[in-house]
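Participant: When you get a sec, could you give me coordinates for this:
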Amino acid sequence: MLVARRERVLETLAAELRSEYDVGVHILAKDLTEGGAPRAVYETVQNIGVHVDVLVNSAGFGLRGSFVELPIDHQLQMIALNVTALTALTRLFLPGMLARNQGGVLNVASTAAFAPGPFMAVYYATKAYVQSLTE
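Facilitator: A predicted model of the protein is given here:
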């Protein structure tokens with residue numbers, strides 16, 4: 001199951017994976033910054049009967065600039081994607097893995113998780129959250 005905002009990009013990647021690795025691939029175009037999107041992803045996966053063995057939370061973005069000058073809406077979208085969606089998806093899919101005694105979660109952080117950095121305050125903070133939650 002591939003999830004991202006742009007359906008055309010998903011279709012291209014799905015076709016490549018199907019061709020090169022001879023695997024079944026489902027796609028779902030969903031903006032994970034939107035409220036309720038992680039639950040919609042989970043429900044879609046449940047409805048098509050797919051058991052997620054490995055959840056890879058790699059969606060994320062960063063903004064460069066002064067904290068007080070970057071648009072607050074963009075910073076809140078970053079938190080929604082890098083923190084909220086990751087947390088929700090992990091929480092929703094993990095119980096099934098534990099019940100099957102099989103599976104894993106890969107939450108992608110960054111070296112930015114280990115220390116604050118210049119001109120990317122919210123990004124560094126979100127990656128520190130990902131690292132902490134995952135540990």
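
Participant: what's the first-to-last distance across stretch 43-63?
Facilitator: Start to finish, the residues bounding stretch 43-63 are 31 Å apart (CA to CA, to the nearest Å).

Participant: buried stuff in it?
Facilitator: Using 16 or more other CB atoms under 10 Å as the burial criterion, the residues of stretch 43-63 that qualify are 45, 52, 55, 57, 59-60, 62-63. (Glycine included, C-beta is placed from N, CA and C.)

Participant: and Asp22, what pLDDT?
Facilitator: Turning to Asp22, the model gives it a pLDDT of 95.

Participant: Give me the neighbour count for it.
Facilitator: Asp22 has 7 neighbours, counted by other CB atoms under 10 Å.

Participant: And the strands in this protein, which stretches?
Facilitator: Residue ranges of the strands in the chain, as given by DSSP state E, are 2-4, 27-29, 54-57, 104-107.

Participant: tell me what the second one is packed against?
Facilitator: The one in question is strand 27-29. strand 2-4, helix 7-21 (3 or more CB pairs under 8 Å, 6 or more residues apart in numbering; DSSP states H and E).
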